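*Asks:* take this sequence and fold it.
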Amino acid sequence: YATSEFRTGTHAGTHVDAPRHTLADGESIDGAAVESFALDARLVDLAGTIGAREPITAATLPSPGSVRDECGVLVVHTGWADHWGTDRYRDHPYLTEAAAELCREAGVGIGLDTFGPDPTPSAGTSVSGDPSTEEPQGTPAHDALLGAGLPIIENLCSLDGLPERFRLYAFPLRLRGGDGSPVRAVAEWEA
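*Replies:* Residues are numbered from 1 along each chain as shown. Just a heads-up that it's a prediction; the model follows:
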């Protein structure tokens, strides 16, 4: 017999967040129905159009009426997966609070090829150096989405070549009391 030991964090690699991740009284990953991680997805391709630490605004995303009842998750392709394993990966684009609220209003979750929907803290000021463009503090995008029970799938990869519509499977491990779980995310579509 070959037997290995597996140790990892709940937010390592491609993973889903549970509401408990940022909300103290939020639901844990084992409280979510497994079918809630089989999602109709819509690709929002921003690769090559968005830079380091740039906000993804509500105007960048489809309007709530155009996604309501069409999909369960917007998969935002920023191209940032190309920086995985480097310090630059921390400087990923992020959702503005208004963009997260738009998703909440539409009842759709978010999948990203970044660390997450909020900026990853870094030392210093904004990229522009202009204090008026400081990044948001805390986890407003996480809180808006997770507070509504909407999925957040982070560190997606291999998004190049996906069609605008597809089915996304991102089943978590059933970790008792877990604040998230690694997943093997798979896209499926008709050719």
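
*Asks:* what bits of the chain have low per-residue confidence?
*Replies:* 68-69, 123-133 (pLDDT under 70).

*Asks:* quick one, longest strand in it?
*Replies:* Among the segments of the chain that qualify as a strand by DSSP state E, the longest is strand 38-45.

*Asks:* helices or strands up against it?
*Replies:* strand 73-77, strand 165-169 (3 or more C-beta pairs under 8 Å, 6 or more residues apart in numbering; DSSP states H and E). Glycine gets a C-beta too; all of them are placed from N, C-alpha and C.

*Asks:* if you compare those, which one is most tucked away?
*Replies:* strand 73-77 (a mean of 23; mean count of other C-beta atoms under 10 Å).

*Asks:* and it, what does it pack against?
*Replies:* strand 38-45, strand 109-112.

*Asks:* how far away from the center of its chain is the longest helix that the chain contains?
*Replies:* What stands out as the longest helix in the chain, according to DSSP state H, is helix 97-106. How far helix 97-106 lies from its chain's middle: 13 Å, per C-alpha atoms, centre = their mean, to the nearest Å.

*Asks:* who touches that helix?
*Replies:* 55-58, 60-61, 63-65, 67-68, 74, 95, 109-110, 117, 136, 140-141, 144-145, 147-148, 150 (C-beta atoms under 8 Å, 6 or more residues apart in numbering).
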